[in-house]
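Novice: Okay, here's the prediction I keep looking at, along with the sequence it came from:
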Amino acid sequence: MMLPLLMTPLLALADITGFYASSQMEVAAAIELEADGKFDYSLDYGAVSEFAEGTWTSEGGTIYLTSTKMQGAYKAPAFVREPLKLDGNSLLLRRYDTTIRFNLDDSLPTPPDRKKKL
């Protein structure tokens, strides 16, 4: 039956929020996709250190990042619908000369609501 196969990407995207980290050699990277459509991203790769925040949307098996603030990008533009490919519980980002694999890290406790005043 084709219907369950066609619905799989939509079901997977329904719960993609969370904290993702990379454990590749010579790469330290993380991205957090928040339920309200915002993201935080950081990358240390060789001599490159960059940080971004902004909004994310999804279409099919792809997540798109659009940065509202970006620092440290080395000869790379800010994110404007930058594609992240969904691969199981991982996200793939093509950046500089490599593909960075972010794996869902659900072992961390949920951080407090940043918008709530203490």
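Specialist: Good, I have the coordinates.
Novice: residue contacts, L33?
Specialist: 16-18, 20, 39, 56, 63 (CB atoms under 8 Å, 6 or more residues apart in numbering). Glycine gets a C-beta too; all of them are placed from N, C-alpha and C.
Novice: who wins for most neighbours among the residues you listed?
Specialist: Counting neighbours by other CB atoms under 10 Å, Y20 leads these with 24 neighbours.
Novice: residues near the residue nearest to D44 when sequence neighbours are not counted, how many?
Specialist: Computed as CB to CB, 6 or more residues apart in numbering, the closest residue to D44 that is not its neighbour in sequence is A28, at 4.2 Å. By the criterion of other CB under 10 Å, A28 has 13 neighbours.
Novice: Double-check A28 against G46; I have them as touching.
Specialist: No. In this structure, A28 is not within contact of G46 by CB atoms under 8 Å, at 10.7 Å.
Novice: ok so, going back, ok, the residue nearest to D44 - contacts?
Specialist: 22, 42-45.
Novice: Find the helix or strand that it is a member of.
Specialist: strand 27-33 (DSSP states H and E).
Novice: so after that strand, what's the next helix or strand?
Specialist: strand 38-45.
Novice: If you rank the contacts of A28 by neighbours, which is first?
Specialist: When neighbours are taken as other CB under 10 Å, the top entry among these is L43 (21 neighbours).
Novice: I'd like the next helix or strand past the lowest-mean-pLDDT helix or strand in the chain.
Specialist: Taking mean pLDDT, DSSP states H and E as the measure, the chain has helix 2-13 as its least confident helix or strand, at a mean of 41. Once the chain leaves helix 2-13, the next helix or strand it forms, by DSSP H and E, is strand 18-22.
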